[in-house]
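Asker: how does the following fold in three dimensions:
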Amino acid sequence: MKVIHISPIYFEDGAVLGGGERYALELAKSMSEAVETELISFSDRPRVEKIGALTVRLFKPWFYIKGQKTAPFYPPALFALRHADIIHCHQYYTLTTSLGILFGRLFKKKVFVTHLGGGGWDILSYHTPIGNLVDGFMHLSEYGKKLFSQYQTRHYVVYGGADTAKFFPLGLNREKKVLFVGRLLPHKGINYLIEAVGGDVTLTVIGKPYSPEYFEYLKDLAKGKKVEFITDASDDVLLQEYNRASVFVLPSVYKTVYGRCTNAPELLGLVVLEAMACKTPVIVTKAGALPELVKDNETGFVINPNDINELREKIYTLLNNPQKVYTMGEAAYKLFLERFKWDKTAKAVLGVYQNTIAR
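Answerer: Just a heads-up that it's a prediction; the model follows:
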């Protein structure tokens, strides 16, 4: 069996979805240890790479429709799919996936789709029931599954993981530090986190600023507090920060400080799993899929979004109780090993492929 994953954006400098691109890459890497696997994507630096057993083919688009990075236009890339038994498209609301679905149907390939949030220019996925041509949707969460209830095709929840070669416990002493990792965008709720911490606590905010207006707002909120922004952190830096922090917080919201709303703030939350892989307790909001990743009062806390007071209370509950940090961190790590390693996700996805081929 040969599996080819196709994604409109590759996880490199210039990626715009963060965990979205990383999901496609990490799943393909883990899967390549069991079956022949390729990842096809697009980049302004076309090349072929080998990452372990995985082959990555990156094509340079002729152009990006309406200038959108999620809408690369290079139809010849479809010919790279001709040797696939399974075509796995990532990011549903994109022209790349719509063309992948049509190519798969035309040449009698099995086609699966994983939606990673957001989208780009497309006509078919927004205005036609092209999802009915898909053999199965591989959802990141039960929450994500609900967003595709209009389709009668098969649905599977497979979650995701963290790379245990990159994220693991170091046994460091925990500092009186709070950590956030993610894109610096309003729906991440970072402003509520900055407001929740006092001047006695270090808050490290790691991520690329995708909204200059919001980034300036965050820096204004941080004045007079021990808040540090790191906008270009390597995986090695992330590993150290996950292991030094007493708590990791992902305070995502449905309604931003600007009054804008989204129905899918978090379809998974890979950074939560990375923190858990480092034995770090986590605080998340009841936003999207986040409550599916955390056992409240056991591996961390699940709180209401936009609630500064509740967030502050839970942060200081941990910072003032190192034993609770240790106990919750151990429980988070155990849950991660049981449910959220990439090899488990790859095995689950391969099982669905095989069952579909056998029918």
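Asker: can I get the CA coordinates of the lowest-mean-pLDDT helix or strand in the chain in PDB?
Answerer: Ranked by mean pLDDT, DSSP states H and E, the weakest helix or strand in the chain is helix 19-31, scoring a mean of 89. Presented in PDB, the C-alpha positions along helix 19-31 are these (Å, rounded to 0.1, in the frame of the first residue of the first chain):
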ATOM      1  CA  GLY A  19       0.000  23.200  14.000                       C
ATOM      2  CA  GLY A  20      -2.100  22.500  10.900                       C
ATOM      3  CA  GLU A  21       1.000  22.100   8.600                       C
ATOM      4  CA  ARG A  22       2.800  20.300  11.400                       C
ATOM      5  CA  TYR A  23       0.000  17.800  11.800                       C
ATOM      6  CA  ALA A  24       0.300  16.700   8.100                       C
ATOM      7  CA  LEU A  25       4.000  16.400   8.300                       C
ATOM      8  CA  GLU A  26       4.100  14.500  11.600                       C
ATOM      9  CA  LEU A  27       1.400  12.000  10.600                       C
ATOM     10  CA  ALA A  28       3.200  11.300   7.300                       C
ATOM     11  CA  LYS A  29       6.500  10.800   9.100                       C
ATOM     12  CA  SER A  30       5.000   8.400  11.600                       C
ATOM     13  CA  MET A  31       3.100   6.500   8.900                       C
END
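Asker: roughly how far apart are L184 and I194?
Answerer: As judged by Cβ to Cβ, to the nearest Å, L184 and I194 stand 11 Å apart. Placement of C-beta: from N, CA and C, glycine included.
Asker: more neighbours: which of these two?
Answerer: The neighbour comparison of L184 against I194 (other Cβ atoms under 10 Å) goes to I194, with 23 against 20.
Asker: what's in contact with the one helix or strand the more buried one maps to?
Answerer: Assessed by DSSP states H and E, I194 sits inside helix 190-196. Helix 190-196 is contacted from outside by 178, 180, 182, 184, 203, 205, 214, 217-218, 221-222, 225, 227, 249, 251, 253, 257, 306-309, 311-312, 315, using Cβ atoms under 8 Å, 6 or more residues apart in numbering.
Asker: of those, keep whichever come out buried.
Answerer: 178, 180, 182, 184, 203, 205, 214, 217-218, 221-222, 225, 227, 249, 251, 253, 257, 306-307, 311-312, 315 (16 or more other Cβ atoms under 10 Å).
Asker: centroid-wise, who is the farthest residue in this structure?
Answerer: G224 (32.0 Å; Cα atoms, centre = their mean).
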